[in-house]
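A.B. asks: here you go, sequence then predicted model.
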Amino acid sequence: MLALFLHIAVTLLVTAHILLRRHRQPETRAAWLLIVLVLPYVGALAYLLVGQSNIGKARARIMRKVISGLPSPPNRPADPRLLAQDARALVRVGQSISGYPAVGGNRALLMAGSDAVIAAMVADIDAAREQVHLSFYIWLDDGNGRAMANALIRAARRGVTCRALVDDLGSRHLTRSALWKDMAAAGVKLRRALPVGNPILRMLSGRIDLRNHRKLLVVDTAVAYCGSQNCADPAFLPKARFAPWVDVMMRFEGPVVWQSQHLFASDWMGNGGDDISGLLHQPVPEQDGGFVAQVVATGPTYRAAAMPELFASLIYAAQHDLFITTPYYVPTQMIQAAICAAATRGVAVTLILPARNDDFAVGAASRSHYESLLEAGVRLCEFQPGLLHAKTLTLDGDLALIGSANMDRRSFELNYENNILISDRSVTAELRARQEEWLRQSRPVTLEEVGNWGIGRRLTYNTLAILGPLL
């Protein structure tokens with residue numbers, strides 16, 4: 001009798017918590033309710049450990065205090081004449097999320113490839129005069145990882161202030177390595193974002209797998225890099241069988257660099273680093289020419305559903321052409337509907353996903369959406385030579401989005417992400433040309449092919465799709 005009472009009490013309490021949680025999508029609630037009802041005790045434990053996007057009250061309070069104490073971004077509106085017509089409303093969405101306005105006077109260089117990115121970063125670090133600020137989700141002790149570390153060591157030894165922030169879980173092997181100690185000994189200031197500490201105690205104070213997924217380098221508040229690449233070789237040894245990992249990064253100059261510096265400061269100080277807010281009091285120089293850009297940052301302490309809201313806004317704004325690449329496609333119902341609606345109304349929609357995904361469950365969940373996409377008229381392709389890890393979106397030849405955010409639930413709800421929205425035909429055309437290169441290396445998926453999938457395959461994909469909100 002006691003066991004029955006306990007079973008009912010646990011189930012009701014967890015069910016009530018699921019139903020009363022704020023800012024939950026209905027499909028996420030339904031998925032957790034299914035888990036809890038089918039596997040009462042295991043499901044309840046799983047929900048308590050990973051069912052909430054909570055970094056812990058103390059951490060959230062510190063991060064919000066840091067952000068509120070930083071200088072506000074200069075509200076110097078971009079010249080409306082430099083903005084594409086559709087961009088005028090879209091940049092308001094971006095500013096409402098993370099507070100950064102669209103600013104003109106920017107320039108960008110699309111990097112040639114992963115090794116070229118690291119080489120360019122190293123060159124900029126070697127040319128640094130005052131400070132180098134770097135943040136990565138994954139930093140490996142491999143060829144590119146050591147090249148980056150050695151550049152920081154050289155800079156620190158000649159008097160440049162170097163700060164490096166890595167995710168505690170994603171870069172756990174680096175933080176335990178001799179290379180990490182060598183950087184510290186040379187005077188590089190090092191921090192771990194969202195440290196796990198004691199896993200049991202950590203689980204009691206907040207969800208353990210909320211991570212800082214950002215990829216960012218800022219040099220002298222003059223140059224910034226943004227994109228999808230971690231600090232690693234394309235061979236990516238922890239998951240070498242999926243290699244090469246194909247990424248994309250842009251090197252920026254102009255006022256958008258100040259926004260990237262502001263974002264790094266919020267992460268650095270929010271994770272226990274020294275106060276660098278003074279750097280943000282320096283005037284942002286006026287820039288002639290260039291294009292309009294805007295940093296859009298998201299995460300568990302930002303507005304709920306901010307990233308999918310931005311993606312959906314961009315997709316619904318498309319009039320003629322929409323091209324998306326993402327390695328992980330586990331969309332919300334809103335995003336899936338937006339993509340299908342765009343294709344249905346005549347927009348030429350192209351979506352490239354990896355043929356081989358390093359996460360089987362995510363890859364399977366992605367394929368559960370193929371049929372609806374193809375029926376709507378989306379040109380759906382799978383990238384063949386390695387894992388296309390680039391997260392890009394181009395729109396009507398006018399707008400481009402590049403950054404760290406995937407089109408999956410983890411990026412939407414659990415990760416801290418950084419992206420830059422660009423309004424410029426030239427930069428968009430350059431990124432679109434890179435997307436076309438990836439398209440030539442991809443295989444089209446047809447509706448006939450999907451229709452011939454066997455029962456077992458469909459059962460696997462659709463079952464994992466039900467768990468999509470939990471992946």
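C.D. replies: Noted; the coordinates are in hand.
A.B. asks: and the closest residue in space to A376 that isn't next to it in sequence, how many residues sit next to it?
C.D. replies: If you skip the residues right next to it in sequence, A376 has C340 as its closest partner in space, 3.8 Å away by C-beta to C-beta, 6 or more residues apart in numbering. No exception for glycine: its C-beta is placed from N, CA and C like everyone else's. Close neighbours of C340, defined as other C-beta atoms under 10 Å, add up to 20.
A.B. asks: after the helix or strand harbouring C340 comes which helix or strand?
C.D. replies: For C340, the element it lies in under DSSP states H and E is helix 333-344. Toward the C-terminal end, the helix or strand that comes next after helix 333-344 (DSSP H and E) is strand 348-354.
A.B. asks: just the residues contacting the helix or strand just after that next one, thanks.
C.D. replies: The helix or strand immediately downstream of strand 348-354 is helix 360-367, counting by DSSP H and E. Outside of helix 360-367, the residues that reach it under the criterion C-beta atoms under 8 Å, 6 or more residues apart in numbering are 328-330, 353-354, 356-357, 408, 460-461, 464-465, 467-468, 471.
A.B. asks: go again using 10 Å as the cut-off
C.D. replies: Helix 360-367 has contacts (C-beta atoms under 10 Å, 6 or more residues apart in numbering) with 326-331, 351, 353-357, 359, 373, 382, 406-410, 445, 450, 453, 457-458, 460-471.
A.B. asks: now intersect these with the helices, please.
C.D. replies: 373, 409, 450, 457-458, 460-466 (DSSP state H).
A.B. asks: output those in a markdown table; the columns should cover pLDDT, neighbour count and distance to Y416.
C.D. replies: Output for the ones in helices among the contacts of helix 360-367, formatted as a markdown table (pLDDT from 0 to 100; neighbours: other C-beta atoms under 10 Å; distance: C-beta to C-beta, whole Å):
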| residue | pLDDT | neighbour count | distance to Y416 |
| --- | --- | --- | --- |
| L373 | 98 | 23 | 29 |
| R409 | 85 | 24 | 15 |
| V450 | 96 | 19 | 35 |
| R457 | 92 | 13 | 35 |
| R458 | 92 | 14 | 35 |
| T460 | 90 | 18 | 32 |
| Y461 | 89 | 20 | 30 |
| N462 | 88 | 13 | 31 |
| T463 | 84 | 12 | 30 |
| L464 | 83 | 21 | 26 |
| A465 | 83 | 19 | 26 |
| I466 | 80 | 15 | 27 |
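A.B. asks: reformat these as JSON lines; add distance to G145.
C.D. replies: Supplementary listing: those in JSON lines, determined by distance: C-beta to C-beta, whole Å:
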{"residue": "L373", "distance to G145": "37"}
{"residue": "R409", "distance to G145": "29"}
{"residue": "V450", "distance to G145": "39"}
{"residue": "R457", "distance to G145": "38"}
{"residue": "R458", "distance to G145": "41"}
{"residue": "T460", "distance to G145": "36"}
{"residue": "Y461", "distance to G145": "35"}
{"residue": "N462", "distance to G145": "39"}
{"residue": "T463", "distance to G145": "38"}
{"residue": "L464", "distance to G145": "33"}
{"residue": "A465", "distance to G145": "36"}
{"residue": "I466", "distance to G145": "38"}
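A.B. asks: ok, of those residues, which one's closest to R345?
C.D. replies: L373 (14.6 Å; C-beta to C-beta).
A.B. asks: show me the contacts for the spatially most central residue of the chain.
C.D. replies: The centre of the chain sits closest to A405, judged by C-alpha atoms, centre = their mean, with a distance of 2.4 Å. With contacts defined as C-beta under 10 Å, 6+ apart, the neighbours of A405 are 213-214, 228, 296-298, 306-308, 310-311, 326, 391, 393, 411-412, 415-419.
A.B. asks: what's the spacing between it and H213?
C.D. replies: Using C-beta to C-beta, to the nearest Å, one gets 8 Å for the distance from A405 to H213.
A.B. asks: who touches both of the two?
C.D. replies: Counting by C-beta under 10 Å, 6+ apart, the contacts common to A405 and H213 are 298, 411, 415-418.
A.B. asks: mind checking which of those residues land in strands?
C.D. replies: Those of the shared contacts of A405 and H213 mapping onto strands are 298, 415-418, per DSSP state E.
A.B. asks: check these and tell me the two furthest apart.
C.D. replies: Comparing every pair within these by C-beta to C-beta identifies N415 and N418 as the most remote, at 10.1 Å.
A.B. asks: give me the common contacts of these two.
C.D. replies: Where contact means C-beta under 10 Å, 6+ apart, the residues bridging N415 and N418 through contact with each are 212-214, 298-299, 404-405.
A.B. asks: mark which of the residues you listed are buried, thanks.
C.D. replies: Buried subset of these (neighbour count, 16 or more other C-beta atoms under 10 Å): 212-214, 298-299, 404-405.
A.B. asks: make sure I have this right: I62 is in a strand.
C.D. replies: No - assigned with DSSP: H, G, I helix; E, B strand; the rest coil, I62 falls outside any strand and is helix.
A.B. asks: next up, the contacts around the nearest residue to it once chain neighbours are set aside.
C.D. replies: Counting by C-beta to C-beta, 6+ apart, G270 is the residue found nearest to I62 once chain neighbours are left out, at 5.9 Å. Under the criterion of C-beta under 10 Å, 6+ apart, the contact partners of G270 comprise 59-60, 62-67, 70, 165, 191, 193-194, 212, 301, 416.
A.B. asks: so how far is R191 from the residue nearest to P195 when sequence neighbours are not counted?
C.D. replies: With C-beta to C-beta, 6+ apart as the criterion, P195 has its nearest non-adjacent residue at 4.5 Å, and that residue is D168. Taking C-beta to C-beta as the measure, D168 falls 9 Å from R191.
A.B. asks: more neighbours: which of the two?
C.D. replies: Residue environment comparison for D168 versus R191 gives the larger neighbour count to R191, 20 against 17, counting by other C-beta under 10 Å.
A.B. asks: contacting residues around the helix or strand the more buried one falls within?
C.D. replies: Here R191, judged by DSSP H and E, is contained in strand 189-193. Taking contacts as C-beta under 10 Å, 6+ apart, the residues outside strand 189-193 that touch it are 131, 133, 135-137, 152, 156, 161-172, 174-175, 180-181, 183-184, 211-214, 267-274, 276, 416.
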